[in-house]
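> Build the 3D model from these lines:
(chains A, B and C)
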Amino acid sequence: MTEIERHSYDVVVIGAGGAGLRAAIEARLQGKKTAIISKSLFGKAHTVMAEGGAAAAMGNVNPNDNWKVHFRDTMRGGKFLNNWRMAELHAKEAPDRVWELEHWGALFDRTRDGKISQRNFGGHEYPRLAHVGDRTGLELIRTAQQKIVALQQEDHREFGDYDARLKVWAETTVTRLLKDGDRISGAFGYVRETGRFVVFEAPAVVLATGGIGKAFKVTSNSWEYTGDGHALAMLAGGTLLNMEFVQFHPTGMVWPPSVKGILVTESVRGDRGVLKNSDGKRFMFDYIPEVFKAQYATTEEEGDRWYDDPDNNRRPPELLPRDEVARAINSEVKAGRGSPHGGVFLTVVDRMPGGAEEIRRRLPAMHHQFKELADVDITKEAMEVGPTCHYVMGGVEVDPDTGAALVPGLFAAGECSGGMHGSNRLGGNSLTDLLVFGRRAGLGAAEYIDGLDARPAVPETEIAAARDEALAPFQREGGENPYAVHAELQQTMNELVGIIRKEGELQQALEALDKLRERVANVGVEPVAVNDGRGYHPGWHLALDLRNMLIVSEAIAKAALERRESRGGHTRDDHPGMSAEWRKVNLVCRLDGDRVQLTRQPMPPMRDDLIGLFESDELKKYLTAEEMPGAAGATAADALDKEDDR
Amino acid sequence: MSTVEAPAKTRAQIKERTLRKDNWRKYPLTTFIIFTAWVAYATVRAFWGSAFYVPEFHYLTPFYSPCLNEICNSVTVDGHTGSAAEFGTFLPAETRGWIPFAAVSLPFLLLFRLTCYYYRKAYYRSFWLSPSACAVQEPHKKYTGERRFPLIGQNLHRYFWLAAVLISLVNTYDAILAFHGKDGGFGIGLGTIILVANVVLLWLYTLSCHSCRHIVGGRLKNFSKHPFRYRMWGWVSKINQRHGMYALITLGSLVVADLYVALVASGTISDLRIFN
Amino acid sequence: MSYQAKFRVWRGDEGAGELTDYTVEVNEGEVVLDIIHRLQATQAPDLAVRWNCKAGKCGSCSAEINGMPRLLCMTRMSTFDPDETITVTPVRTFPVIRDLVTDVSFNYQKAQQIPSFDPGDVKPGEFRMRQEDVERSQEFRKCIECFLCNNVCHVIRDHEENKPGFAGPRFLMRIGELEMHPADVADRRNIAQDDHGLGFCNITKCCTEVCPEHIKITDNALIPMKERVVGRRYDPIVWLGSKLGIVKKGQDTPSA
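Numbers count the residues shown, from 1 in each chain, chains lettered A, B, ... in the order given. From the prediction side, this is the model:
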């Protein structure tokens, strides 16, 4: 019953989204025998949901664009809390990664002269997002998937076996990383179909498991997003960076229940969509913060003129930054002016000169999405929207160049790694993040292996412990239903560690999480009727995932309580301002027993040539006086445009 | 090979041929009835050997075009005599009833429609039940598709399409001739309109053909190097979306055109004249 | 607005199983997948179902509802009569793992046999392709790989023995995508016919009927591929031309 298969690889990549696939491709290209562990089927990862595009300063549409401009935009978007080296590498390497995709068969939309077309997006100074309609994520994942198949075909020609040097383990979940002393030596997991256990022996493991959305009740993330990589790294002795930064997208669908949380793209607001409350009022005009008063229209008439004449009018407040809009919607709903299903109304009805026809032409995907999922015709009816948990900026603390975590042999890339996006991620930076750092992590893992004298061993005791842990939910007679515990965890996080945070509520959340810890340790499941009772057992899977969600939830709550300022994806009602002193602080979480320990860690100062890319006027907003460079304003940075989230 | 990740398995055993509860029999059944009725009508008319030409107004039914029997040289209806022959008459009068007067065009038109991608779908579903509807088990034990003789012949569709284009040109010529008035000059009757409408629909059907779409531009890898062919491909693609509809409508329009000419030519009704 | 709906769900594994009756609550705005999840939560905790994005973008929750292949997450309950008994079964063409989950590895094996994109000598960043040249293949790349087309296709649905020689609409469309890719230099026409069974297709269009992405698989991929194959090997004039040396025959790419 507990026979355990063992498989030996050089590199094991956990996660089969954009970052995982890119890491695996790189490890295999470096000649390493590689396994990809995919929680779902191959090619289904959450990357497919990305719509907007992949930000890369190729300068195809505006030749003024280059990595320096992109770097500046990224740092501004992240409110200067980004790991500047990561932002630099990302901006420099993103174009190559996009061209590489094209070389593997991706078909992006084109410019008139046949290059990859690039579109405007919030926070990006120039049109920068390579895209395919509104399904860029699907194109990325399919292309990477097909590149993996191409490599397998090479191996098939050489060795007669597609899996000889690159194997995809579909529907397989890793529950523990295994160590030999202080080094990574493998991973332990189960195959979903049979529930049987597998040990992957490998000196290097790359985490690319994505986000943590399922710790929240309303999220755009799918069921897989349970913070596995974050938790596995912590359990193996790694650290998490700045977990308090969670991006809530202001407009997710709130109805019907089955799609609650699914994104409504920002283009809707960019294309004349307006937000209204149940009184029919365009309430955003009541929520323009003092600092933005100069840039935003104060009357509906002026706001409406802006779409056609942006030079002589100020933009409508529906286009305020994401956190502002999310906060405003939150307040309206709390004040009882929400829509029937607990959101607000977002409407384009009668807003476009071309009428229904123009709506269908400009917003085809949204028209389709609401028609098919909600039976709502957006040309005739308003959409109901509300904030939804979208992305976590925090993640495994890694070396920017190699993706190496603090644990030797452990690497991380993509959403589950931290630092790149600072306190707030710009739209479009995620897809190129996956590619740039996926490749670097794969390369880092390969180089790490080359530097090893001997392969680390997998101790039997580690395997036995991992097996016992995984089987524990079956041994608990009358244990609690994992679904109920999960629902409570999500409710707690949504209500107390959501968009707007307060000290009291965060403390409450930590107390609630303490109680949940006991309940998570006590969840029980019954075996299914067939075989050894573990095949395709959703309750069991959730019981195991709960541990991970609890760890990341605690890390988020602790970090959120600690950081007494508001910045990007972290809004403290009791500390509304952004503080230059706090900018110098990274909050790092590590595990001590089953408790999360938080420490402050100084942010390394930015390299002079990079700081020289900004004007001193701008730097003053973020840096303390002593951090300011001696010779300020080295370059002619272009006029600063506030983050216009479109 | 049975392994930890993929043990050997079989399909779910569900004994029902289909669990569909909608009226999936409607399509194959109506198609079967329409096609059978049409084939019966067309066969009878093709071998009929009379009531195919109205000399007074130059109405020639498409079922007899081009008219190749000696009889076509001199047709008398209602006191008017004329010739329906346009491309010579090599069929002796005695073959009437055995060989259709349009012996050259009809087989190609038949083959064009038989190998047409729309008709293939329609008759594979309704006559061969392979499958009769989606997710409904087909009754056949074996299935080899279009890989062997005779069905491999479906691949010649583009040549039958070429023939159909030539025949459509002849039909167009017939329709132009039908602008013939009582005084021998220009004239329009209901028959003219029916024949013209039929020809327009025949062109729509013929030009919306999938082979045509391939030939005009679909076969190219780079449209941008061939802007004109790209535009043509765009037009054909547009009407190609309704290819099946045109295929059905032209079945009707052919019957209407033929029946109308037959009724006028047999003196059962007289042509409704609009101008001269 | 909620009511009690009658459901019949196929339960079983290893080929043995039966339709089991349930009565389950349905609320306004729900889809079939919500009801399956409610069954899991309330009456059948071990009911196996595969799902992921719940928004029709990942193609995981393929099953058959009232006999028709569909995505569970894209079938709204409002399309059914409240009195109707709704039957949910796993897809029929692939082996069942348990309940509504099937083993779709057939599709991944077929994907491995299709020669990959071949850019020739062009270096990354040097491609110049016009929008009109990429649009045809872009349509096929909308595919979310739900494999409903391969499931519904009678060539393998009703004839297990055809599986080795037939890649199914999904992967014949993949060949079409590569053949129409403006920068691809390989020629897969011959293997499309010989190894991947394009000749099995009798264009009865069920793949197009069930495609949740509304890709015109038959009209835009399979038929154009059939026409290209004709040009490669069934066209008598092309054949004559190549015999006389007027038409130059390219190199056929072998299956991978």
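> rest of the way, CA atoms for contacts and neighbours
Noted.
> ok, the residue in the stretch 1-150 of chain A that chain C sits nearest to - how many residues close by?
The stretch 1-150 of chain A approaches chain C most closely through A:Gly114 (4.5 Å), counting by Cα to the nearest Cα. By the criterion of other Cα atoms under 10 Å in any protein chain shown, A:Gly114 has 16 neighbours.
> now do B:Leu156
With other Cα under 10 Å as criterion, B:Leu156 counts 19.
> A:Met603 too?
16.
> surely it meets A:Asn586?
Yes - counting by Cα atoms under 8 Å, A:Met603 touches A:Asn586, with 5.8 Å between them.
> What parts of the stretch 1-150 of chain B come near chain C?
B:9-14, B:18-21, B:117, B:120-122, B:124-125, B:130-131, B:133-135, B:137-138, B:141-147 (Cα under 8 Å from any Cα of the partner chain).
> related to what we said a few turns ago, and the residue of the stretch 1-150 of chain A closest to chain C, what helix or strand is that in?
Using DSSP states H and E, A:Gly114 sits in no helix or strand.
> Contacts only, for it.
C:Phe127, C:Arg128, C:Met129, C:Arg130, C:Gln131 (Cα atoms under 8 Å, 6 or more residues apart in numbering or on different chains).
> Can you tell me how far it is from chain B?
Per Cα to the nearest Cα, to the nearest Å, A:Gly114 is found 10 Å from chain B.
> Now do the phi/psi pair for that residue.
Backbone torsions of A:Gly114, given as degrees, to the nearest 10, read phi 90, psi 0.
> repeat for C:Ser2
Dihedral angles of C:Ser2 (phi, psi; degrees, to the nearest 10) stand at phi -90, psi 150.
> Tell me the spatial nearest neighbour of it, not counting adjacent residues.
C:Asn27 (4.3 Å; Cα to Cα, 6 or more residues apart in numbering or on different chains).
> So which bits of the stretch 151-256 of chain C are right by chain A?
Counting by Cα under 8 Å from any Cα, the residues of the stretch 151-256 of chain C that sit close to chain A are C:Ala256.
> on that earlier part again, separation between the residue nearest to C:Ser2 and C:Asp34?
9 Å (Cα to Cα, to the nearest Å).
> For these two, indicate the residue with more neighbours.
Just comparing C:Asn27 and C:Asp34: by other Cα under 10 Å the higher neighbour count belongs to C:Asp34, 21 against 17.
> pLDDT score for the more buried one?
Confidence at C:Asp34, expressed as pLDDT, is 92.
> Quick check: it is in a helix.
Yes - using DSSP: H, G, I helix; E, B strand; the rest coil, the secondary structure at C:Asp34 is a helix.
> which residue packs closest to the spatially most central residue of chain B, ignoring adjacent ones?
For chain B, the residue nearest the mean C-alpha position is B:Arg113 (5.1 Å; Cα atoms, centre = their mean). Spatial nearest neighbour of B:Arg113, excluding adjacent residues (Cα to Cα, 6+ apart): B:Tyr119 at 6.4 Å.
> for the one you found, helix, strand, or coil?
helix.
> surely B:Ala102 meets B:Tyr64?
Yes - under the criterion of Cα under 8 Å, B:Ala102 makes contact with B:Tyr64 at 4.8 Å.
> picking that back up, for chain A, tell me which of the contacts of A:Gly114 show up nearby.
C:Phe127, C:Arg128, C:Met129, C:Arg130, C:Gln131.
> Count the residues that sit near whichever residue of the stretch 351-500 of chain A sits closest to chain B.
At 15.8 Å from chain B, A:Arg467 is the closest residue in the stretch 351-500 of chain A, using Cα to the nearest Cα. Burial of A:Arg467 is recorded as 20 neighbouring residues (other Cα under 10 Å).
> the strands in the stretch 101-250 of chain C, which residues?
C:101-102 (DSSP state E, counting those that start in this stretch).
> So which residues on the stretch 301-450 of chain A come close to chain B?
By Cα under 8 Å from any Cα, no residue of the stretch 301-450 of chain A approaches chain B.
> quick one, strands of the stretch 301-450 of chain A?
A:344-347, A:383-392, A:395-396, A:410-412.
> Can you redo the ones you listed as JSON lines, where the extra columns are mean neighbour count, distance to B:Arg229 and mean pLDDT?
Formatted as JSON lines, those follow (neighbours: other Cα atoms under 10 Å in any protein chain shown; distance: least, Cα to Cα, whole Å; pLDDT from 0 to 100):
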{"stretch": "strand A:344-347", "mean neighbour count": "25", "distance to B:Arg229": "42", "mean pLDDT": "95"}
{"stretch": "strand A:383-392", "mean neighbour count": "27", "distance to B:Arg229": "43", "mean pLDDT": "94"}
{"stretch": "strand A:395-396", "mean neighbour count": "33", "distance to B:Arg229": "53", "mean pLDDT": "98"}
{"stretch": "strand A:410-412", "mean neighbour count": "34", "distance to B:Arg229": "51", "mean pLDDT": "98"}
